[in-house]
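Q: here is my input; please provide its structure:
(one chain, ligands or ions: 1)
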Amino acid sequence: MPTVTVTRRLTFNAAHRVHNPSLSEAENQALFGKCNNPNWHGHNYVLEVSVKGEISERTGYVMDLGALKRLVETEVIQEVDHRNMNVEVAFMKGVIPTTENIIVGIWKRIAPHVAPARLVRLRLWETENNFAEYEGE
Ligand code: NI
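A: From the prediction side, this is the model:
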């Protein structure tokens, strides 16, 4: 059967502070500017989850996108939505909550659960203009 990539889009909002605790306040301010605001700031994130696999003869699907939605809600959205990523998201513990680090954390939460399809790409929009993509490398 042909192999197809399907994508589900989900949204969440979360607060963070881009801050490296091993650097001084002045270094953090110089590196991260307003993203280093000690009183936090938030984003409306858009997450696109793409899985690839063969079309099932029985269903005509690569993966039921409703099932993918529920999986991402359980593994990711419930963990991060309306939360502060620096202080209350277990899978972000010990990393600077940049879009890059968030997307790698999200990958680890989703990748084990999509078989027989496989996770091939995540795209995480932090603003309308900025996004990161990760393909698991
Ligand atoms: Ni930010």
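Q: which residues in this protein form helices?
A: Using DSSP state H, the helices of the chain run over 25-32, 65-72, 78-80, 99-110.
Q: contacts for the last one?
A: Helix 99-110 has contacts (C-beta atoms under 8 Å, 6 or more residues apart in numbering) with 45, 47, 49, 71-72, 75-76, 79, 85, 91-92, 95, 119, 122, 124, 126, 130-134, 136. Just so you know, the C-beta spots here come from the backbone N, C-alpha and C atoms, and that holds for glycine as well.
Q: reformat the helices of the chain as CSV; add mean pLDDT and distance to Asn13.
A: Formatted as CSV, the helices of the chain follow (pLDDT from 0 to 100; distance: least, C-beta to C-beta, whole Å):
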stretch, mean pLDDT, distance to Asn13
helix 25-32, 96, 20
helix 65-72, 98, 15
helix 78-80, 98, 9
helix 99-110, 98, 13
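Q: related to what we said a few turns ago, drop anything exposed from the contacts of helix 99-110.
A: By neighbour count, with 16 or more other C-beta atoms under 10 Å, the contacts of helix 99-110 hold 45, 47, 49, 71-72, 75-76, 79, 85, 91-92, 119, 122, 124, 126, 131-132, 134 as buried.
Q: tell me how many other residues crowd the spatially closest residue to Asn13 that is not a sequence neighbour.
A: Using C-beta to C-beta, 6 or more residues apart in numbering and skipping the chain neighbours, the partner closest in space to Asn13 is Asn44 (4.9 Å). Using other C-beta atoms under 10 Å, Asn44 is surrounded by 12 other residues.
Q: if I look at Asn44, how far off is Glu128?
A: 9 Å (C-beta to C-beta, to the nearest Å).
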